[in-house]
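*Asks:* 3D model of this:
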Amino acid sequence: MVQYIVRRLLWTIPVLLAIMTATFILAHAIPGGPFDFRGEKQLPESIRKNLERKYQLDKPVYVQLGKWIWDALRLDLGPSYTTRAQTVNDILKRTFPISFQLGLLALLLALCIGIPMGTIAAVKQNTVVDYGATFVAILGVSIPNMVLGPLLIWIFALKLGWFPAARWGTDYTQLHLGFFPPITSAKFWLHAILPAFTLGTAYSASIARLTRASLLQVIREDYIRTAYAKGLHSRRVIILHGLRNSLIPVATVLGPMFAAVVTGSMVVEQIFGIPGMGKYFVTSVTNRDYPLVMGATLMYSLLLVFANLLVDISYAWLDPRIRYD
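*Replies:* The predicted model follows:
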């Protein structure tokens, strides 16, 4: 296992270099430049050239690429062209922990809802419970975040007054305490419930459907029949023998799902006024902010690579027959 992990980590280096190169080429292939316009006005040619000279955009593309890769290896992602007072490191350091917390809470909520719902639906196949769980799953996938979020705000924030309508634990954000939220802070959890539920609903529905389909295949296997024949309780058979092996397809999608839920939460962050990185991840493309585009993409790639590594490691725990030699 250790050799496998080391080998995967070594393979991460050329993968990230390829992603960095492809991102750089694609970002520079977008028509226009970062200093063509400021607002509605077109910058004078002299000012534009001075800005390009300042940020070394007047040099050959291969020189810019080499410099950016070298700086990235030194954990320096460069300045932001649109947010002059902050570097890309500053933006990601401030926004990524918030998006990470939101994505992690949404994914945990999706697992806590989706796996039990899918398990019950599979055990009660072709019953009212199965049809009800399937209907809820389809409903969760069908309702977009831009509809569910305002609806939850209207019901639970404006009408009932149970939760705040926006923001993300204001005191916590101002203190910059890092990745780990103050779990004892009631204010943090009050701010987190609605956006986490909004973001996690669709993923919980997908996990429920995948768990149901996988478990239906597993419970028809011979070793499940053998476990029943030995007189084991049905709950023990389903949870310890059936569910564990049926979670392999679920674990497979958790890697890209986690990366997507962390970096793709712009709509939810906008609805609830959460100062995460989702807004920068999207607007950096329209602003031609090359360093921010490449920095955000590199962060997404790192998340995806390491999430998939954790998924592969979890296979050996879920199915003892899987070995990485």
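
*Asks:* next SSE downstream of the helix or strand of the chain with the lowest mean pLDDT?
*Replies:* When each helix and strand of the chain is scored by mean pLDDT, DSSP states H and E, helix 170-175 comes last, with a mean of 44. Once the chain leaves helix 170-175, the next helix or strand it forms, by DSSP states H and E, is helix 186-218.

*Asks:* run the angle between the next helix-or-strand element following that following helix and helix 186-218 for me.
*Replies:* Counting by DSSP H and E, the next helix or strand C-terminal to helix 186-218 is helix 222-229. Angle of helix 222-229 versus helix 186-218, following axes from the mean of the first three to the mean of the last three CA atoms, to 10 degrees, is 100 degrees.

*Asks:* what residues sit buried inside helix 222-229?
*Replies:* For helix 222-229, the neighbour count (16 or more other CB atoms under 10 Å) marks I224, A227 as buried. In this view, the C-beta of every residue, glycine as well, is placed from N, C-alpha and C.

*Asks:* pull the distance from it to the chain's centre.
*Replies:* Here the centre of helix 222-229 is set off from its chain's centre by 38 Å, with CA atoms, centre = their mean, to the nearest Å.

*Asks:* could I get it in CSV with only the CA atoms?
*Replies:* In CSV, the C-alpha atoms belonging to helix 222-229 read as follows (Å, rounded to 0.1, in the frame of the first residue of the first chain):
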residue,chain,number,x,y,z
ASP,A,222,-24.3,-16.0,-3.4
TYR,A,223,-22.5,-14.9,-0.3
ILE,A,224,-25.5,-12.9,0.8
ARG,A,225,-27.7,-16.0,0.4
THR,A,226,-25.2,-18.0,2.4
ALA,A,227,-25.2,-15.4,5.2
TYR,A,228,-29.0,-15.7,5.3
ALA,A,229,-28.8,-19.5,5.3
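
*Asks:* quick one: contacts of it?
*Replies:* V218, S234, V237, H241, G242 (CB atoms under 8 Å, 6 or more residues apart in numbering).

*Asks:* if we go to 6 Å?
*Replies:* For helix 222-229, contacts defined as CB atoms under 6 Å, 6 or more residues apart in numbering pick out V237, H241, G242.

*Asks:* okay, those residues in a markdown table with distance to L43, secondary structure and neighbour count next?
*Replies:* Compiled in a markdown table, the contacts of helix 222-229 are given as follows (distance: CB to CB, whole Å; DSSP: H, G, I helix; E, B strand; the rest coil; neighbours: other CB atoms under 10 Å):
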| residue | distance to L43 | secondary structure | neighbour count |
| --- | --- | --- | --- |
| V237 | 70 | helix | 19 |
| H241 | 67 | helix | 19 |
| G242 | 64 | helix | 26 |
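
*Asks:* want to throw those into JSON lines with distance to V88?
*Replies:* Shown next, in JSON lines, are these (distance: CB to CB, whole Å):
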{"residue": "V237", "distance to V88": "52"}
{"residue": "H241", "distance to V88": "49"}
{"residue": "G242", "distance to V88": "47"}
